[in-house]
Each structure stands twice: as C-alpha cells, then as structure tokens.
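Asks: sharing a model prediction with you, sequence too.
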Amino acid sequence: MLPAGRVPVCLVQVLAGCRGVFTARTFATFVLLVTGALGGSGARTVTGMWSAAGMSTVRHWSSAHRFFSHARWDTDALGLALARIVVAAFVAQDAAVTVAVDDTLFHRYGRKVFGVFWQHDGSAKGRDGIGRGNCFVIAGLVTGVPFTDRKVFLPLLFRLHQPKTSQSKPEQARQLVDLLAATLVGRRVHVVADNAYKGSAWRALPRTVTFTTRLASNAVLYAPAPPRTGRRGRPALKGARLGTPTDLAATATWDQLTVTRYGHTDTVHVAVIGCLWWGSLHRTQVNVILLRDPASTKAYDIALVTTDITAPAEQIIARYADRWSIEQAIKDNDIVLVDFWAEWCGPCKRFGPIFEASSEANPEVLHAKVDTEAEQGLAGDLGITSIPTLMAFREKVLVFSQPGALNAQQLEQVVDAVKALDMEEVHAHVARSQAEAAAASGKQDGSQIPEA
C-alpha cells in the first residue's frame with residue numbers, strides 16, 4: 001500500500017490529459033483510483049484500489065464509490081482522452097494505428113444486477129458454452145511498448161451488449177471504431193477482429209479506416225463488378241461467383257513470402273485474390289489472403305479478408321497475428337505450460353501458488369496464465385470447458401491437457417514427462433494422424449490441394 005496521498009508525479013503528468021473529462025475533485029479521486037489499481041497486489045475492487053492508494057485512513061471509502069455512482073463524467077470521453085495519450089506515447093507521428101475489437105463476459109449474479117443475460121462464454125463449464133453476466137464489446141489499441149518486444153492490447157472504449165435489446169456486437173464495435181477514427185484525425189486506423197464480427201456493419205467505412213478479419217470457410221466470394229456495357233438497364237453490381245475460399249485455393253496463384261508472425265519470421269505460401277464479399281461488405285472491394293505453410297496438406301491454413309487492398313499480404317498477416325499473445329509465447333519457447341483460470345474460481349486460486357512455485361523451480365519452462373474472463377475467444381478456440389485447465393506445449397505441439405487443480409507432485413510429474421518426450425516420435429505421430437484423417441475424409445486428391 002502506498003503512503004496516504006503519495007501519487008507518483010510521473011503518473012499525474014501522464015493522466016493530465018484526462019483532466020478535462022472530470023471536475024477538479026473528481027479528477028483527484030480518479031488519479032487515486034488509478035494509483036491503487038496499478039500499485040495494489042490484491043483484487044482491483046473499488047475498496048481494494050482505495051486502500052492500495054493509501055486512502056483508507058484518510059477519506060471514507062464511500063468517496064471512491066461515489067466516483068462511479070454520482071460523479072458526472074463520460075466513459076467515451078475518458079476512453080478517447082486515453083487514446084490520445086496512448087497514441088502520442090507509443091505510435092510514431094502520422095503512423096497508422098491498429099485497433100482490435102472483441103468482447104468479454106463478466107460473471108454477475110443476483111436479480112438486481114443490470115444487463116445480466118445468459119450468453120456465450122468461452123470460459124463456461126460444460127458443453128453449452130454459455131455463462132451469466134455482463135457482456136462488453138471492447139475496442140483497444142494494439143501497439144508495441146518499450147518494456148517488451150511483443151505487441152500488447154490496451155482497452156480504450158466499451159459498450160454493454162444486451163442480447164435482443166442493444167445493437168449487434170459488430171454494430172457496437174463499429175460505433176467505437178468511428179469514435180476513435182474521428183478522434184485520431186490524420187491517422188489511418190486498421191481494425192482487426194475475429195470472424196464473429198463480420199457483417200454489414202463494416203460497409204461504407206471512412207476512407208481512413210480499414211477492416212480485416214478471418215474469413216469463414218463457407219463464405220461466398222464474387223468477382224468485382226464488370227465494366228459497363230453501354231446497354232440499357234441497371235449495370236451489374238457484382239461479377240461471377242468465385243465460390244468459397246477452398247474454391248479460390250484450387251485455382252489461385254501461390255507465391256512464397258517471408259512473414260513475421262508471433263515474433264518469428266517464417267516462409268509461407270500466400271495467394272491474394274481481389275474480389276467482393278457480397279454477403280457482408282456488399283460492393284466494397286476486398287482482398288482475400290490465403291495462407292498455407294509449406295508442409296501443410298490442406299487447401300489453405302487460414303483465410304483473411306481485408307478492405308486494405310493496398311497493403312502487402314505479409315503486412316496484413318502480421319497485423320492480424322498481433323491480436324494473439326498466447327500463440328506468440330508458444331512459438332517462442334520449447335516448453336510452455338498454460339494455466340487457464342478465472343478470478344471467481346476457488347480451485348484456480350488454490351492452484352495458483354503451486355503453479356508459481358513450479359515456474360521458479362523450472363526457469364527453462366515458460367509458465368503462462370490465461371484469464372478466461374478476459375480471453376474468452378482464445379479459451380473457446382482451445383476448447384476450454386472447465387477451469388482450472390492445464391495445457392502443455394512442446395515445440396508448438398499440444399502434448400498435455402487436463403482440467404482440474406493438480407498438487408505440486410502431480411505438476412512436477414507433468415513437467416518431467418513433457419521434458420522427457422521424444423519429439424521426433426511425437427511429430428511423426430502427428431503427421432501420421434493428419435494423413436489418416438485427410439484420407440478418411442476423402443480430401444486427398446493429387447490434382448489439387450486438399451480442402452481445409
């Protein structure tokens with residue numbers, strides 16, 4: 001806990017850009033709460049932040065609660081003020097900014113909690129994948145910071161999403177992006193999102209804004225509109241049907257490119273096709289970027305679609321990859337242990353000290369923690385249905401996955417077993433399994449690349 005009222009001068013200088021959002025008294029409370037959030041080691045509750053700032057014996061904790069319940073300030077205005085501070089600090093002058101949009105569910109219970117619904121929850125237990133709580137659509141800046149060589153995500157704006165009541169998540173995300181674009185005048189804004197954020201909300205973007213997302217395997221693409229024929233009648237708005245990404249991959253021209261993803265530089269095969277994504281973006285010209293690793297037997301490994309038709313493919317691939325942090329860690333380390341947890345989970349809290357002790361005892365093994373509340377999309381992609389769940393990766397291969405809290409001896413046995421693996425045999429087994437799966441599905445065809 002900090003001494004009472006002892007706020008670092010440098011922090012006050014940074015937060016000075018937010019002064020116009022608050023009254024003088026409210027700004028002082030805001031600075032103290034931020035100080036407590038940064039300096040506290042416990043839960044970031046209102047009372048916890050107030051105590052961590054050294055104010056528990058100086059002013060009553062109700063002063064902190066009134067900041068949220070009674071003080072007049074606007075969350076959008078604060079977020080945009082923070083955006084100006086962050087961009088000025090971490091982005092070169094006149095350089096483009098990358099904005100990621102996503103959503104997260106905060107578990108809430110009780111009859112009087114506003115905006116609570118049962119909805120998708122990547123950290124939910126069971127097969128249904130739903131949880132009860134407040135869902136927030138978030139927009140933030142993806143940027144580099146001086147203390148790490150990785151890109152980080154800095155949340156700036158949010159909207160409470162209420163199913164069947166509020167706008168759709170893509171529409172809410174578009175609102176946030178429009179606010180950021182209007183604030184960051186003179187800068188290009190590159191928006192990246194996962195496939196859940198596709199849709200008509202991204203039509204008619206400002207000229208300074210681009211949108212990039214992952215393309216679903218069943219998406220249908222069309223050729224650009226043909227030139228006018230001069231005959232009577234409405235001109236065609238789209239060209240011939242090109243088909244799905246798999247159809248495009250079968251006839252595409254592939255180039256070998258060097259791309260930087262997750263801190264590594266790799267050589268991959270890439271195909272770029274200019275077309276229309278009629279179902280979502282209508283008449284907006286897009287580039288579909290198909291990516292395939294040289295050793296892959298699939299038609300393509302990932303398909304991206306972007307309205308940024310002037311940027312090279314390797315730049316688009318790197319931009320989209322910057323959304324993910326855990327994959328970067330797996331790529332950078334021989335052995336990675338990942339603990340999937342949540343603040344509300346009792347067994348997770350009991351397992352936490354055991355996991356930290358293992359990290360100290362095995363410095364050559366990267367120990368990573370993923371908060372399933374904050375990273376619901378990642379937890380869903382990895383099939384996390386119960387927490388805590390421990391996953392172990394070696395040489396980018398998932399070699400262990402088990403839900404439930406382990407004791408110290410069990411965890412050490414897992415670490416020793418992963419270290420002792422014969423990875424040549426593991427890679428050979430993975431290759432055989434992939435070949436057998438492809439053969440069983442009837443996708444191996446010598447005339448073209450197999451379908452993804």
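Replies: Done, it's in.
Asks: remind me which residues of the stretch 351-452 of the chain are low pLDDT?
Replies: Along the stretch 351-452 of the chain, the model assigns pLDDT under 70 to residues 374, 377, 434, 437-452.
Asks: averaged pLDDT, the helix or strand hosting Ala37. What do you get?
Replies: Secondary structure from DSSP states H and E places Ala37 in helix 24-39. Averaging pLDDT along helix 24-39 gives 90.
Asks: pLDDT score assigned to the closest residue to Glu171 other than its chain neighbours?
Replies: Nearest residue to Glu171 in three dimensions, chain neighbours excluded: Ala201, at 4.6 Å (Cβ to Cβ, 6 or more residues apart in numbering). C-beta coordinates here come from the backbone N, C-alpha and C atoms, glycine included. As predicted, Ala201 sits at a pLDDT of 95.
Asks: and Ala201, which of the three is it?
Replies: For Ala201, the assignment made with DSSP: H, G, I helix; E, B strand; the rest coil gives helix.
Asks: that one against Val177, yeah?
Replies: No - with contact defined as Cβ atoms under 8 Å, Ala201 and Val177 do not form a contacting pair (9.4 Å).
Asks: residues in contact with the residue nearest to Glu171?
Replies: Contacts for Ala201 (Cβ atoms under 8 Å, 6 or more residues apart in numbering) come out as 168, 170-171, 173-174.
Asks: go on, Ala181?
Replies: Shown in contact with Ala181 (Cβ under 8 Å, 6+ apart): 189, 206, 208-209.
Asks: extract the CA atoms of stretch 93-109 and return them as PDB.
Replies: The C-alpha trace of stretch 93-109 is given here as PDB (Å, rounded to 0.1, in the frame of the first residue of the first chain):
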ATOM      1  CA  GLN A  93       3.800  10.600 -35.600                       C
ATOM      2  CA  ASP A  94       1.400  10.200 -38.600                       C
ATOM      3  CA  ALA A  95       1.800   6.400 -38.400                       C
ATOM      4  CA  ALA A  96      -1.300   4.200 -38.700                       C
ATOM      5  CA  VAL A  97      -2.800   2.700 -35.600                       C
ATOM      6  CA  THR A  98      -4.200  -0.900 -35.200                       C
ATOM      7  CA  VAL A  99      -7.400  -1.200 -33.300                       C
ATOM      8  CA  ALA A 100      -8.700  -4.600 -32.200                       C
ATOM      9  CA  VAL A 101     -12.300  -5.300 -31.300                       C
ATOM     10  CA  ASP A 102     -13.600  -8.200 -29.200                       C
ATOM     11  CA  ASP A 103     -16.000  -9.000 -26.300                       C
ATOM     12  CA  THR A 104     -15.700 -10.400 -22.900                       C
ATOM     13  CA  LEU A 105     -18.200 -11.700 -20.300                       C
ATOM     14  CA  PHE A 106     -18.000 -10.600 -16.700                       C
ATOM     15  CA  HIS A 107     -19.900 -13.100 -14.500                       C
ATOM     16  CA  ARG A 108     -22.600 -11.500 -12.400                       C
ATOM     17  CA  TYR A 109     -25.300 -12.900 -10.300                       C
END
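Asks: give me the mean pLDDT for that stretch.
Replies: Averaging pLDDT along stretch 93-109 gives 87.
Asks: chain center to it: distance?
Replies: 7 Å (Cα atoms, centre = their mean, to the nearest Å).
Asks: which positions within it qualify as buried?
Replies: Buried residues in stretch 93-109, counted by 16 or more other Cβ atoms under 10 Å: 96-105, 107.
Asks: a markdown table for the residues you listed, including distance to Pro235 and secondary structure?
Replies: A markdown table is the format used below for these (distance: Cβ to Cβ, whole Å; DSSP: H, G, I helix; E, B strand; the rest coil):
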| residue | distance to Pro235 | secondary structure |
| --- | --- | --- |
| Ala96 | 34 | coil |
| Val97 | 37 | strand |
| Thr98 | 36 | strand |
| Val99 | 35 | strand |
| Ala100 | 37 | strand |
| Val101 | 34 | strand |
| Asp102 | 39 | strand |
| Asp103 | 39 | strand |
| Thr104 | 44 | strand |
| Leu105 | 46 | strand |
| His107 | 53 | strand |
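Asks: those residues: which two are farthest apart?
Replies: Ala96 and His107 (36.1 Å; Cβ to Cβ).
Asks: report pLDDT for the most centrally placed residue in the chain.
Replies: The residue lying closest to the centre of the chain (Cα atoms, centre = their mean) is Arg323, at 4.6 Å. Note on Arg323: pLDDT of 72.
Asks: buried residues, the helix or strand encompassing Gly380. List them.
Replies: Using DSSP H and E, Gly380 sits in helix 376-381. Of all the residues in helix 376-381, those buried under the rule 16+ other Cβ under 10 Å are 376-380.
Asks: now swap in stretch 378-398 and tell me
Replies: Using 16+ other Cβ under 10 Å as the test for burial, stretch 378-398 gives 378-380, 382, 384-385, 387-394.
Asks: just to revisit the earlier point, can you identify the element that follows the helix holding Ala37 toward the C-terminus?
Replies: Later in the chain than helix 24-39, the nearest helix or strand by DSSP H and E is helix 46-52.
Asks: what helices or strands is the helix or strand just after that next one leaning on?
Replies: Using DSSP H and E, the next helix or strand after helix 46-52 towards the C-terminus is helix 62-69. Here helix 62-69 touches helix 24-39, helix 46-52, going by 3 or more Cβ pairs under 8 Å, 6 or more residues apart in numbering; DSSP states H and E.
Asks: how about a cut-off of 6 Å?
Replies: Packing contacts for helix 62-69, counted by 3 or more Cβ pairs under 6 Å, 6 or more residues apart in numbering; DSSP states H and E, involve helix 46-52.
Asks: quick one: mean pLDDT over the helix it packs on.
Replies: Mean pLDDT, computed over helix 46-52, is 88.
Asks: one more: stretch 224-240?
Replies: pLDDT averaged over stretch 224-240 gives 87.
Asks: again with stretch 173-185
Replies: In this model, stretch 173-185 has a mean pLDDT of 95.
Asks: domain parsing for the protein?
Replies: The record assigns the chain these domain ranges, following automatic domain parsing: 9-69, 89-210, 215-227+237-322, 327-421.
Asks: helices along the chain, start to end?
Replies: Taking DSSP state H as the criterion, the chain contains helices spanning 9-15, 24-39, 46-52, 62-69, 75-90, 169-183, 245-251, 278-281, 313-321, 326-332, 346-361, 376-381, 408-419, 423-440.
Asks: ok now do Lys198, which residues does it touch?
Replies: Residues near Lys198 by Cβ atoms under 6 Å, 6 or more residues apart in numbering: 213, 280.
Asks: for it, phi and psi?
Replies: phi -70, psi 160 (degrees, to the nearest 10).
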